[in-house]
Every structure is written in C-alpha cells, then in structure tokens.
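Asker: sequence plus predicted model, see below.
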Amino acid sequence: MSNPIETAISISHRWSLMPKNVNKFCGFLEQVQRRNQSGMGEADKGGKDVKYKETAANNTKIAEVLTSMSSCSIERDQEKALDRQKKAEAREMQLHYLAMMNEREQRKEDHAILSMDVSTFNPTQKAYYEGPQREIIARRGMSMFDPTVF
C-alpha cells in the first residue's frame, strides 16, 4: 500500500462494480432456474407453479399488511402532530390571556397610584408616591407631566 488515498479510491471503485456484477449474476441464475430441467414432467412443473402462486399470494398479503401498518403509522403520526399543534395553540392563547390579565391588573395598580392626592401626604409619603407616579407616566409616554398636580 503505497498511498492510502489510492487505496480508498480503489476500494470505492471495487464497491461500485459489485452491484453491477451481483445483478448480472442474479440474471444468469434466474435464466438457469427457468430452463427446462431434464426428467421433470408436466405434473412436476404444475406443482412448482402452484407453490410459486401460493408464495406470490403470501407475499402479496404480507405487502398489504405492511402497507396498512405503514399507513396506520402515518395516520397516527399525523394525529399526534395535529394534537401537538392544538396544544401549542391552546398554550399560546392561555399565555395571551394571562398577559392581558396581567396588563389589566397593572393598569389598575397604576391608576390607583396616579389617582392618589399626594397634597395631603407628609413629605416622606409624598416623595414615596411621586417616584412611582413619574415611572408610570414615563412608561406610558405621557409627556405633559406637571409635578404640581400630584
């Protein structure tokens, strides 16, 4: 082995020739099997045909069973995919609903804080509530904030 690349190439070339040669061999083998064999009468040939037909019928039944199993599997996979999609949509709707409820609750809290009359509060309480009021106004984008109103 002089060069490992040449070896890999030669092996891949040999492997590519194998299917062709195997197919050729199978063709010759079938040709030999189809020939009239000496000493075999018509009755023997008929028996072979019956066995062949039985085997072909069994193979057909097996193919039908495999096909039905495959189609059942495909249907099951489709049903599972549909169920997953429905669950994902339901979860998305639930998250959307929770976000809406959370936003509604936040607006209620914001409204309660903004509607407080801080003019009657002592300076510490006033400072405590003015900070959140400013944050709410900034978050909502209200530019017309008059600090004397709160």
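Answerer: Structure received.
Asker: ok, so what distance separates the residue nearest in space to the middle of the chain from I74?
Answerer: With distances taken as CA atoms, centre = their mean, the residue of the chain nearest its centroid is A81 (7.5 Å). The gap separating A81 from I74 is 11 Å, by CB to CB, to the nearest Å. (C-beta placed from N, C-alpha, C; glycine too.)
Asker: just M100 next, same as before
Answerer: To I74, M100 is 39 Å away according to CB to CB.
Asker: now for the protein, the helix or strand with the poorest mean pLDDT.
Answerer: helix 4-34 (a mean of 76; mean pLDDT, DSSP states H and E).
Asker: buried ones in that one?
Answerer: Across helix 4-34, burial judged by 16 or more other CB atoms under 10 Å covers no residue at all.
Asker: could you number the chain from 19 rather than 1 from now on?
Answerer: Understood, numbering begins at 19; the last thing we discussed is helix 22-52.
Asker: next one: that helix to chain centre, how far?
Answerer: Centroid separation for helix 22-52 versus its chain: 39 Å, with CA atoms, centre = their mean, to the nearest Å.
Asker: likewise for stretch 122-133?
Answerer: Chain-centre distance of stretch 122-133: 43 Å, with CA atoms, centre = their mean.
Asker: contacts for that stretch?
Answerer: Y147, P150, Q151, I154, I155, R158, F168 (CB atoms under 8 Å, 6 or more residues apart in numbering).
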